[in-house]
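Trainee: I'll drop the sequence and a predicted model, then ask my questions.
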Amino acid sequence: MIDNQMTWYMIVLSALLVNNIVLIRFLALCSFFGVSNRIEISLSMGMAVVFVMTLASAASWIIWYFFLLPLKIEFLRTASFILVIATLVQLVEMYIKKTAPALYNALGIYLPLITTNCAVLGVAILLIDYRLGFFNSIIYSISVAAGYTLSIILFAGIRERLEIAPIPAILKGSPIIFITAGIMSLAFLGFAHLFGL
Amino acid sequence: MDNWKIFTNGLLRENPVLVLIIGLCPVLATGSSMNDGFGMGVATTFVLVSSNLLISLLRNYIPNSIRLPVFIVIISTFVTIVDYVMHAYMVELYASLGIFIPLIVVNCIILGRAEAFAYKNSVTSSLIDGIGMGAGFTLAITMLGAIRELIGNGTLTFFNRELFNISTSLNFQPALVFIMPPGAFIVIGFMIAGVRWILKKV
C-alpha cells in the first residue's frame, strides 16, 4: 500500500504498474471498454484523464484539508468531491474552448465523459485514505492517469487486431473483449510484489 | 407497462450488468466472493430504490436545466447514509468493499435510471423499476462472486457461513487466479456469452 513515507519514484511505480488502476484496481472500466477502439482516440482520452485527474485531485486535497477537516464536516466528502469534479470539468471545458481551440478539438468530446469516470473520484478518495501530502498527491494522480493511458493504448492495439481475427460467433463483441482484458490483467499481475510493493 | 413487466425488465431483459453492460467497476472489483458480491448488490439496490423514489416524488419541482446536479446531490446523500451505516454495523464487509462504497455515487446504473425512468414516471413505477434493476444487479454480482469463489477457493460462503467446501470432499485444487483480478474479467466474459446464448434459445 502507498503511504506518505514512500519516495516519489516508488509511488510512480506502484500507481503505474503494480496497482494499475484499470487492470488491477478495476476503476474507469466504462471508458476503458467504451473508447478503446482506436489507438489515436485512446491516446486523446488518456491525455484528457491525465489533465482532469491532476486538477481534480489538487482541488479535492485542498477542500479536504482546508475546509472539511477543520470544519469537522467529513461526512460531506462524497457529495462535495463529486460536485467539485463535475463543476471543474465544466469550467475546464469552457476555458479550453475559449483559449485553445486546437486542444479543445482533440479533448473536447472526452471531457464530459470524464465526470462519470469513477477513477477520478476514486483517486481523490484514495489519496485522502493514504494520507498523502500535497506534492505526493499530485505525483500519485499523474502516475495513476499515466497507468490508465498505458493500459488503454495497449488494449486498443490488441482490439484493432481482434477485429480481423476469427472468433466463435457467441464470443463476438463484448465477451471476447473481457476475456482479452483478463489475459492482459494476468500479464500485469506479473508486476505484483515487485520492489516489495 | 404493468408493474410485473417493469420488474422483470430490470431483472432479465435489460439486466444492467449482463445485457446492457454498465456499472461494471463495482461488479468486477467486489464480486470476488459470494458474500461481498451480495453485500455490494444490496448496498447499491438501497441507493437505487431510494434515489428513484425521491426523484420521482420531486420530479415536478426539479427544474429541467439543473436536474443532473440535483440528481447527484440526492444520490450522494443516500450513498453517505450507506457508507456510515455499514461502517457502524458491518465492519468486516465495509473493510472488504472499501473505496467502492463511496464510489456507488458514480455508478452509471443509478444516474441512468434517475434520468431515463424516475424523472418521467410515477412514484410506484419508479419504485418497482428500482427494485427490479437492483435485483438484476445483485443477481449478476452474486453469481459472479459465487463462480469465482467456487473455482478460486473451492468454497461458498454466505452471511459468513460456509455453505459447502469442495476441497475437503473431492481432491480439488482451487485455481487461485479466479479470485484475483484476471479471473473477474474472464468469468464476466463467459457469463455475458452464456446469457446471450440463453436469450437466443428462448
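Mentor: Cool, got the structure. Residues are numbered from 1 along each chain as shown, chains lettered A, B, ... in the order given.
Trainee: Output the set of residues of chain A in proximity to chain B.
Mentor: A:23-30, A:33, A:75-79, A:82-83, A:86, A:116-118, A:121-122, A:125-126, A:129, A:170-171, A:174-179, A:181-183, A:185-186, A:188-189 (Cβ under 8 Å from any Cβ of the partner chain). Quick note: C-beta positions are derived from backbone N, CA and C, even for glycine.
Trainee: Quick one: buried ones out of these?
Mentor: With neighbours counted by 16 or more other Cβ atoms under 10 Å in any protein chain shown, the residues of chain A next to chain B contain buried members at A:23-30, A:33, A:76-79, A:82, A:86, A:116-118, A:121-122, A:125-126, A:171, A:174-179, A:181-182, A:185-186, A:188-189.
Trainee: Validate this expectation: residue B:162 resides in a helix.
Mentor: No: using DSSP: H, G, I helix; E, B strand; the rest coil, the assignment for residue B:162 is strand, not a helix.
Trainee: ok, it - contacts?
Mentor: Shown in contact with residue B:162 (Cβ atoms under 8 Å, 6 or more residues apart in numbering or on different chains): B:155-156.
Trainee: Spell out which residues of chain B are next to chain A.
Mentor: Neighbours of chain A within chain B, by Cβ under 8 Å from any Cβ: B:21-22, B:24-25, B:28-29, B:68-69, B:72-73, B:76-77, B:79-80, B:83-84, B:99, B:102-103, B:105-108, B:111, B:177, B:180-186, B:188-190, B:192-193, B:196-197.
Trainee: For chain B, which segments count as strands?
Mentor: B:155-158, B:161-165 (DSSP state E).
Trainee: a markdown table please, covering these and showing mean pLDDT.
Mentor: A markdown table is the format used below for the strands of chain B (pLDDT from 0 to 100):
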| stretch | mean pLDDT |
| --- | --- |
| strand B:155-158 | 82 |
| strand B:161-165 | 76 |
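Trainee: Mean pLDDT per element in chain A, and the minimum belongs to which helix or strand?
Mentor: Least confident element among the helices and strands of chain A, by mean pLDDT, DSSP states H and E: helix A:110-115 (a mean of 68).
Trainee: Quick check: next helix or strand after it?
Mentor: Later in the chain than helix A:110-115, the nearest helix or strand by DSSP states H and E is helix A:118-129.
Trainee: got the angle for the next helix-or-strand element following that following helix vs helix A:118-129?
Mentor: Following helix A:118-129 in sequence order, the next helix or strand is helix A:134-162 (DSSP H and E). Relative orientation of helix A:134-162 versus helix A:118-129 (axes from the mean of the first three to the mean of the last three Cα atoms, to 10 degrees): 150 degrees.
Trainee: show me the contacts for residue 54.
Mentor: I went with chain A, as the question did not name one. Counted by Cβ under 8 Å, 6+ apart, residue A:54 has contacts A:138, A:141-142, A:145.
Trainee: Let me rephrase: I mean chain B.
Mentor: Per Cβ under 8 Å, 6+ apart, neighbours of residue B:54: residue B:74.
Trainee: Quick check: the gap between residue A:142 and residue A:167.
Mentor: 37 Å (Cβ to Cβ, to the nearest Å).
Trainee: Those two: who's more crowded?
Mentor: A count of neighbours by other Cβ atoms under 10 Å in any protein chain shown puts residue A:142 above the other of residue A:142 and residue A:167, at 19 against 14.
Trainee: tell me the SS of the closest residue to the more buried one other than its chain neighbours?
Mentor: Closest residue in space to residue A:142, ignoring its immediate chain neighbours: residue A:54 at 5.6 Å, by Cβ to Cβ, 6 or more residues apart in numbering or on different chains. Secondary structure for residue A:54, judged by three-state DSSP, is helix.
Trainee: Filter the residues of chain B next to chain A down to the buried ones.
Mentor: The buried subset of these - by 16+ other Cβ under 10 Å - is B:21-22, B:24-25, B:28-29, B:72, B:76-77, B:79-80, B:83, B:99, B:102-103, B:105-108, B:111, B:177, B:180-186, B:188-190, B:192-193, B:196.
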